[in-house]
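Trainee: Here is a sequence together with a model predicted from it:
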Amino acid sequence: MDTITLRPFRPEDAPWLVERHGTLYAQDEGFDDSFAPLVARIVDDFIANHDPDRDQGWVAEADGRRLGSIFCVGLDETTAKLRLFLLVPEARGRGLGRRLIDTCMGFARDKGYLEMQLWTHESHRAACALYAATGWQLVDSKPVHSFGVDLVEQSWKITL
């Protein structure tokens, strides 16, 4: 893989982002077809309502191929939410996840957010390990049945 660049999310990335989330989560986690529509709603909301001065999405690319994504979306004046963090399998284990998280958190700091939150599932072990390694704290964990499977839903936060 040649040089990986991070560029701002563009609306034409939306179909890829929705498809990759739906396909990879079905393959890796057994999620049903209710997950991709949730991702589509999140992406559509971002496109329609984001504040470019306070919200940003990034897409990682190499040789014109999309490899991952991450978003920073304001919840209120002091809190941002990390969303839509994804790496395709061939991009994992190369430090790109850390780079995406660092970029997202740096943006949040630069925009004056004091803390960040995220929602995930315990089964995303590599992502959860990365959150912990970058200073995030697990603040809530509960069993749920979502997307056709039994999961442990987690909430994390970090003070910036």
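Mentor: Alright, I've got the coordinates.
Trainee: which one is the residue sitting nearest the centre point of the chain nearest to, not counting chain neighbours?
Mentor: Note on the chain: the residue nearest the mean C-alpha position is Phe85, at 1.9 Å, using C-alpha atoms, centre = their mean. Of all residues not flanking Phe85 in the chain, Ile70 sits nearest, at 4.7 Å (C-beta to C-beta, 6 or more residues apart in numbering). Yep, even glycine has a C-beta here, placed from its N, CA and C like the rest.
Trainee: Dump the helix or strand where the one you found lies to CSV, restricted to CA.
Mentor: Following DSSP states H and E, one finds Ile70 within strand 65-74. Extracted C-alpha coordinates of strand 65-74, given in CSV (Å, rounded to 0.1, in the frame of the first residue of the first chain):
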residue,chain,number,x,y,z
ARG,A,65,-8.9,3.3,-3.0
ARG,A,66,-10.9,4.2,0.2
LEU,A,67,-9.5,2.4,3.2
GLY,A,68,-11.3,3.8,6.2
SER,A,69,-13.3,6.6,7.8
ILE,A,70,-13.8,8.6,11.0
PHE,A,71,-16.1,11.5,11.9
CYS,A,72,-16.2,14.1,14.6
VAL,A,73,-19.7,15.5,15.3
GLY,A,74,-20.6,18.1,17.9
